[in-house]
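> Okay, here's the prediction I keep looking at, along with the sequence it came from:
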Amino acid sequence: MPKYTYRCEACGEHFEKIHSISEKLTDCECGEAGSLTRVPSLPFCVSVKKPKAGQIVKDFIEDTKQDVETQKEEMMRGMEDD
């Protein structure tokens with residue numbers, strides 16, 4: 001369940017409550033009815049580690065070397081058949 005931050009308009013206190021997204025709190029613990037407002041908060045984001053540019057280049061070079069070797073072998077076989 002998400003954690004929400006609330007502020008009481010009557011007493012000025014800030015506090016956090018954990019509850020479902022469909023539930024809405026309106027009454028403060030100080031006794032004032034309808035005095036709570038939810039304070040917007042930043043979302044929690046999980047960052048995915050991206051490969052470094054250098055690693056991408058290394059992978060490309062290795063793939064290209066393998067392709068060149070394969071093409072060389074095919075050319076050599078083609079010359080032997082002639």
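Yes, it's here.
> what sits against residue 26?
Residues near residue 26 by CB atoms under 8 Å, 6 or more residues apart in numbering: 33, 34, 35, 36. Where C-beta positions appear, they are placed from N, C-alpha and C, glycine not excepted.
> can you put the residues you listed in a markdown table and add distance to residue 61 and neighbour count?
Converted to a markdown table, the contacts of residue 26 look like this (distance: CB to CB, whole Å; neighbours: other CB atoms under 10 Å):
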| residue | distance to residue 61 | neighbour count |
| --- | --- | --- |
| 33 | 69 | 9 |
| 34 | 66 | 10 |
| 35 | 65 | 18 |
| 36 | 60 | 22 |
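> Which ones among these lie within strands?
Members of the contacts of residue 26 lying in strands (criterion: DSSP state E): residue 36.
> Now find how far off-centre the helix or strand where residue 80 lies is within its chain.
Using DSSP states H and E, the element containing residue 80 is helix 53-81. Relative to its parent chain, helix 53-81 has a centroid offset of 36 Å by CA atoms, centre = their mean, to the nearest Å.
> Tell me which residues of it come out buried.
For helix 53-81, a neighbour-count test (16 or more other CB atoms under 10 Å) marks nothing as buried.
> Throw the contacts of residue 26 into TSV and include distance to residue 77, thanks.
Formatted as TSV, those follow (distance: CB to CB, whole Å):
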residue	distance to residue 77
33	87
34	84
35	84
36	79
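> Quick check: which ranges of this protein have low pLDDT?
Applying pLDDT under 70 to the chain picks out residues 82.
> how is it carved up into domains?
The chain breaks down into these domains under automatic domain parsing: 3-39, 50-82.
> quick revisit: of the contacts of residue 26, which is the nearest to residue 20?
Nearest to residue 20 among those: residue 36, at 16.2 Å, using CB to CB.
> Residue 29 is in contact with the closest one, correct?
No: between residue 36 and residue 29 there is no contact under CB atoms under 8 Å: 9.6 Å.
> Can you give me every residue that contacts residue 14?
Contact analysis of residue 14 by CB under 8 Å, 6+ apart lists 5, 6, 7, 39.
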